[in-house]
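In: Here you go, sequence then predicted model.
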Amino acid sequence: MNELLQTLILGLLLGGVYALAASGLTLIFGVMRVINIAHGAFLILGAFVTYWLWDGFGVDPLLAIVLTTPIVFALGWVTYWVVVSPVRTAPMASTVLLTFGLALVLEGAMGEIWGNNSTAIRPAYGDESFTLGELFLPKAQVYGGLIAVLVLVLLWVVLTKTWLGRAIRAAATNPSSAELVGIKVAAVAALVFALGIAAAGAGGAITGVLYPFVPGSHYQWIARLLAIVVLGGLGSLNGAVLAALMFGLAETLTSAYVSPAWATAVPYAIVFAVLLIRPQGLLGTRLREDAVAA
Amino acid sequence: MTSTGTVEGTSQRFWTRIQPLWLGRALALVAAVLLIVYPLVDDDLYYQNMIILSLVFAIGASGLSIISGFTGYISLGQGAFIGLGGYTIGVLATRLPDSNIWLWVPISGLVSALVALLLGFVSLRSRGPSFVIITVAFLFLVQVIAVNWVSLTNGTAGMTLPLPTWDREIANWPFYYVLIGLLALQLLMTWWIRRTKLGMGLIAIREDETKAATIGISLPTQKIIAFMASALVVGMAGAVYGYYLTFIDPRGMFSILLSVQLVLSMLIGGKATLWGPVLGAFFIEWLNETANNDWGGGNTRLFLFGGLLVAVVIFLPKGILPAIESAIQWSRTRGKAGLVGARIGTGGSLASITDRVQLVDRSEIPDRAILEVKNLRKHFGGVKAVDGASFLVPEGSITGLIGPNGSGKTTIFNLIDDTIRADAGEIWLDGQRLDGLPSWERAHRGLGRTFQITRLFREMTVLENVVAVQRTFSLGQLGRVAVSGAEARSAEELLEYVGMRAFRDQKAHALSYGQQKMVELAQILMLDPKVILLDEPAGGINPVLIERMGEMIRELNSYGKTFLLVEHNMPFVLGLCDPIHVLARGRNMASGTPDQIQRDPAVIDAYLGDDFVLDEKVQP
């Protein structure tokens, strides 16, 4: 019973981290209709930047998020203007290829800078646990999960309570009308892209403390994030959070009670099944297809 | 236009067009000859190896072009079919060591094609970005299975194939020439598909899948054939590749980079072209080898592929060959006025139309309903867009469907032709029940429909747009030549009729909205349906064209054609239609002759308004 409870709590904490990482992906899709395949690579980049701050300057890796996130935000902003903006209105399949190319470049760059060996961030409290009755909860996981939720709440406040959030939602719903009422859609898109990337970076900073990583880990991450976002419904933030929690639970439960070898197949199988059975996901809406001008 | 003018124009065009074409063919021939004699004159294994790999990737990219180039389904899982081919031959050759290993090459092709069949079924449910995601998931899933199904694949440890048994003297020749043969087979198949109805249907699917279904193109059959064709020869090439490598493991055979290399080859050479993917594959493989050997490999290779992918999408979205083609086109048309600015022709008479459109004597038309809609319903969440609409369309009539904006008119059209599936209700056409059937089968049973915002296949010419319709379905028909002489003649007659014959070789996207409307009408006439559904035929076009549209509808109707039209232009509707059905809130509130409708107080209240003056009615 205790073991199950512990697994559930850890699953939910992990789900919170997943939710943070996936929120950026779904946000970018919702506003720009771009599926950012490089999202996993930016997440790993967040982890490497955290490693660099921790290893080089002795900054606490979880507090380093305050530095990592703006750095990755700036990188995302630049990336948008250099690479993504020329093809913002191109067919979605092209942007998928483009961001895939971006992911490969980032992977190469990270390999060049930090090497392709397994990297781990191990703060002093890395081996310590909180003890609650008979439950053992590793400190890093608890801190990480709570920080993820905090950042996610901040993001939610920005999106729902501020002028910027309204501008973002307007640009997502109808870009040309948003432009007409004075919203610079391109600038908003740049901000959204950078915000989304920053969320991935923040997620990477946390997961970097939880698991070791290599530049090539981004394939695994993008598969997992896509599975989450697709399950929740592309473009739906609430859906992504819900799906991320389910995913975190499912993964911890599978590796605790079933074989971890086949657990790697879970995200792919979920993508497959969801897109076949309910293409709009849990909370997504189907786009109206009949009235679109060719 | 006089006949001599046409002949001169044609011959001039003939010569300017033929030169680059022949130049291209001569280059392809020289390249093929060089490729064939190369191993005989030079035994440099480095280059032989590079060519062998290039051949494998050329076959892979060329196969990919069938689904991605023609059909428009971008796949990042194409490499899986090379891997599947390799694993099939690996498993069979190690289990049956005494057999002739070459026998397993065609079997590997079949296995790949069967797995592609599954992916084809997936494509029936998802398209666009979700499909791309699915293909990535597919590739990783296959890889995970290859890793975990140790009893079959030996897992991550990989498999070692039997070494070649032939004389060391001839070394790589068998691999080399078998692959050349397979590439020839692949190219022949691609070429054949492009020139048949199958290929034209695939391109129509790429351009606008929903529209393609409404003009009778059977989506599942065509897509599934395309998917299998895209993997068949590729699987065989994968088998030869595996045999050549003699060692296969999941990491190498199902690497995402292999798929990226194939996509990149196709894009850089030019998708949907015959030679583009081949050109691209040789170029990319040369770059790949050079990066590995001279530029440091590993991360450099990632930079190179990633950077190239980004650059190609931004700067060369069409690829090398199409870019060359449009440059030639540009230099040839420089300084000439565009044809698309020309006026629409005055139009021909129906009498000139030979046999494509069946014309009947009006007096022979029985007094009955040809289309009947019963209690049709469609709810979008809480919105009852169509809420129990029922009406009849008498055979030989021009029936009007009017109502306020949002009253469900276009949705009803979408339900009738299955662009959207109805929640409930019955649709009967000429005694046959349509609801439950997919769009293309409804088209085959005699339903034709135009769209409010015209939907032509943008990259096809006007003539191809008209010929693309498929009135019936049979597998044999898919193999026929895309545009037969008879079809081209019928299409030209129909284009003449709508006044668009002069535009026959223009790409549809170059036309104005009004011109597109006319072409869409010709396209539907080519289908020769029993009932023609027109969604706002007079919307957004100039008064002269509105008048011409009215004339054509009236003339077609005088030869027995039945119309159902949605329209907001009241004088147009009232002058043309009888009976008229009025919709409000998703159901019909009144039906009757134009006079009855205009006097109906409920209709005036809901739609026409108190100030609607009968006397303003003008004959369209």
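Out: Great, that's in hand. Residues are numbered from 1 along each chain as shown, chains lettered A, B, ... in the order given.
In: wait, isn't residue B:276 in contact with residue B:266?
Out: Yes. Using C-beta atoms under 8 Å, residue B:276 is in contact with residue B:266, at 7.0 Å. Heads up, the C-betas are built off the backbone N, CA and C, glycines and all.
In: who has more neighbours, these two?
Out: residue B:266 (32 against 25; other C-beta atoms under 10 Å in any protein chain shown).
In: Can you give me every residue that contacts that one?
Out: B:61-62, B:64-65, B:68-69, B:276-277, B:280, B:319 (C-beta atoms under 8 Å, 6 or more residues apart in numbering or on different chains).
In: And the residues you listed, which is closest to chain A?
Out: Set against chain A, the nearest of these by C-beta to the nearest C-beta is residue B:68 (8.4 Å).
In: returning to what we had before: could you name every residue contacting both of residue B:276 and residue B:266?
Out: With C-beta under 8 Å, 6+ apart, residue B:276 and residue B:266 have common neighbours B:65, B:319.
In: Filter the contacts of residue B:266 down to just the ones in helices.
Out: B:61-62, B:64, B:276-277, B:280 (DSSP state H).
In: From the contact counts, what lies against the helix or strand containing residue B:134?
Out: Assigned by DSSP states H and E, residue B:134 belongs to helix B:128-148. When contacts are defined as 3 or more C-beta pairs under 8 Å, 6 or more residues apart in numbering or on different chains; DSSP states H and E, helix B:128-148 sits against helix A:92-114, helix A:218-232, helix A:260-263, helix A:266-277, helix B:79-95, helix B:104-123, helix B:250-253, helix B:256-269.
In: try 6 Å
Out: For helix B:128-148, the packing partners by 3 or more C-beta pairs under 6 Å, 6 or more residues apart in numbering or on different chains; DSSP states H and E come out as helix A:92-114, helix A:266-277, helix B:250-253.
In: Deepest-packed of those, please.
Out: helix A:92-114 (a mean of 23; mean count of other C-beta atoms under 10 Å in any protein chain shown).
In: orientation of that one relative to helix B:128-148 in degrees?
Out: Put simply, helix A:92-114 runs at 50 degrees to helix B:128-148, going by axes from the mean of the first three to the mean of the last three C-alpha atoms, to 10 degrees.
In: Output helix A:92-114 in PDB, but only the C-alpha positions, please.
Out: Presented in PDB, the C-alpha positions along helix A:92-114 are these (Å, rounded to 0.1, in the frame of the first residue of the first chain):
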ATOM      1  CA  MET A  92       2.700  22.500 -41.400                       C
ATOM      2  CA  ALA A  93       4.700  19.600 -42.800                       C
ATOM      3  CA  SER A  94       7.500  22.100 -43.900                       C
ATOM      4  CA  THR A  95       7.700  23.500 -40.400                       C
ATOM      5  CA  VAL A  96       7.900  20.000 -39.000                       C
ATOM      6  CA  LEU A  97      10.900  19.300 -41.200                       C
ATOM      7  CA  LEU A  98      12.400  22.700 -40.400                       C
ATOM      8  CA  THR A  99      12.200  22.300 -36.600                       C
ATOM      9  CA  PHE A 100      13.500  18.700 -37.000                       C
ATOM     10  CA  GLY A 101      16.500  20.200 -38.800                       C
ATOM     11  CA  LEU A 102      16.900  22.600 -35.900                       C
ATOM     12  CA  ALA A 103      16.800  19.800 -33.400                       C
ATOM     13  CA  LEU A 104      19.700  18.000 -35.300                       C
ATOM     14  CA  VAL A 105      21.700  21.300 -35.300                       C
ATOM     15  CA  LEU A 106      21.200  21.700 -31.600                       C
ATOM     16  CA  GLU A 107      22.100  18.100 -30.900                       C
ATOM     17  CA  GLY A 108      25.300  18.600 -32.900                       C
ATOM     18  CA  ALA A 109      26.100  21.800 -31.100                       C
ATOM     19  CA  MET A 110      25.600  20.300 -27.700                       C
ATOM     20  CA  GLY A 111      27.700  17.400 -28.600                       C
ATOM     21  CA  GLU A 112      30.500  19.700 -29.800                       C
ATOM     22  CA  ILE A 113      30.400  21.900 -26.600                       C
ATOM     23  CA  TRP A 114      29.600  19.300 -23.800                       C
END
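In: contact partners of stretch B:155-174?
Out: Outside stretch B:155-174, the residues that touch it by C-beta atoms under 6 Å, 6 or more residues apart in numbering or on different chains are B:39, B:48, B:90, B:93, B:147, B:243, B:246-249.
In: Apply 7 Å and report the result again.
Out: B:39, B:48, B:52, B:90, B:93-94, B:97, B:101, B:147, B:153, B:242-243, B:246-250 (C-beta atoms under 7 Å, 6 or more residues apart in numbering or on different chains).
In: do the same with stretch A:13-21
Out: A:43, A:141-142, A:144-145, A:148-149, A:151-152, A:199-200, A:202-203, A:206-207, A:225, A:228, A:240-241, A:244-245, A:247-249, A:251-252.
In: tell me how far it is from the chain's mean position?
Out: Centroid separation for stretch A:13-21 versus its chain: 8 Å, with C-alpha atoms, centre = their mean, to the nearest Å.
In: Stretch B:147-158 too?
Out: 39 Å.
In: Can you name the helix or strand that residue A:27 falls in?
Out: Going by DSSP H and E, residue A:27 is in helix A:2-32.
In: That helix: which residues count as buried?
Out: By neighbour count with 16 or more other C-beta atoms under 10 Å in any protein chain shown, helix A:2-32 contains the buried residues A:6-7, A:9-11, A:13-32.
In: What of stretch B:291-303?
Out: Buried-residue list, stretch B:291-303, by 16+ other C-beta under 10 Å: B:291, B:299-303.
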